[in-house]
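Peer 1: fold the following for me, if possible:
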Amino acid sequence: MSRLTARFALVALVASVAMISAVAQAAAIQPFTAHALRAAQAKGLPVLVHAHADWCPTCRAQDPTVEALSRDPAYARLVILKLDYDKQDAEKRALNVRHQSTLIAFAGARETGRSTGVTDPMAIRALAATTLR
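Peer 2: All right, here's what the predicted structure looks like:
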């Protein structure tokens, strides 16, 4: 193998490992708990809370975009917490959530935005991006 071919192979290997590492670090969607929210906020992490109801067609329309965020390396640090709209009444009150399909963005402890009923992928991504600033 020539020196140039070996160098190219090494660069390709390093790039592949970096891409795999970035994908492996993508955020998982977690069930909402007050403790998980406080812990992420205490670390200054970006957080997206999704007030979700299984029966809600708008929530289901939001799901693919929220799931895509969880796999996007650009949002690898984003903590995504799924609040069960039907079962977590105290948590809804604490966050002032009045409707299912509400998305709340936090940069650490600071709320950076919220939306209700928005299904446009670009709008959801824009809301999530406010957590990264």
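
Peer 1: quick one: low-confidence parts of the chain?
Peer 2: Residue ranges of the chain with pLDDT under 70: 1-27.

Peer 1: swap the cut-off to 50 and go again
Peer 2: Within the chain, the ranges that satisfy pLDDT under 50 run 4, 6, 8-25.

Peer 1: middle-most residue in it, spatially?
Peer 2: Ile80 (4.0 Å; CA atoms, centre = their mean).

Peer 1: can you tell me who that residue pairs with across the strands?
Peer 2: Ile29, Leu48 (DSSP bridges).

Peer 1: these two touch, right, it and Ala68?
Peer 2: No: at 10.9 Å, Ile80 does not count as touching Ala68 under the criterion of CB atoms under 8 Å. In short, each C-beta sits where N, CA and C put it, glycine included.

Peer 1: which residues touch the residue nearest to the centre of the chain?
Peer 2: By CB atoms under 8 Å, 6 or more residues apart in numbering, the contact list for Ile80 reads 27-30, 47-48, 50, 66, 69-70.

Peer 1: need the buried ones from the residues you listed selected in PyMOL.
Peer 2: Per 16 or more other CB atoms under 10 Å, the buried members of those correspond to this PyMOL selection:
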select buried, resi 27+29+47+48+50+66+69+70
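
Peer 1: make TSV from the contacts of Ile80 and add distance to Asp89 to it.
Peer 2: Converted to TSV, these look like this (distance: CB to CB, whole Å):
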residue	distance to Asp89
Ala27	26
Ala28	25
Ile29	21
Gln30	19
Val47	20
Leu48	21
His50	17
Val66	22
Leu69	26
Ser70	26
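
Peer 1: ok, so of the contacts of Ile80, who is nearest Phe106?
Peer 2: Closest approach to Phe106 among these (CB to CB): Val47, at 4.2 Å.

Peer 1: which one is that closest one nearest to, not counting chain neighbours?
Peer 2: What sits nearest to Val47 in space, not counting adjacent residues and going by CB to CB, 6 or more residues apart in numbering, is Phe106, at 4.2 Å.
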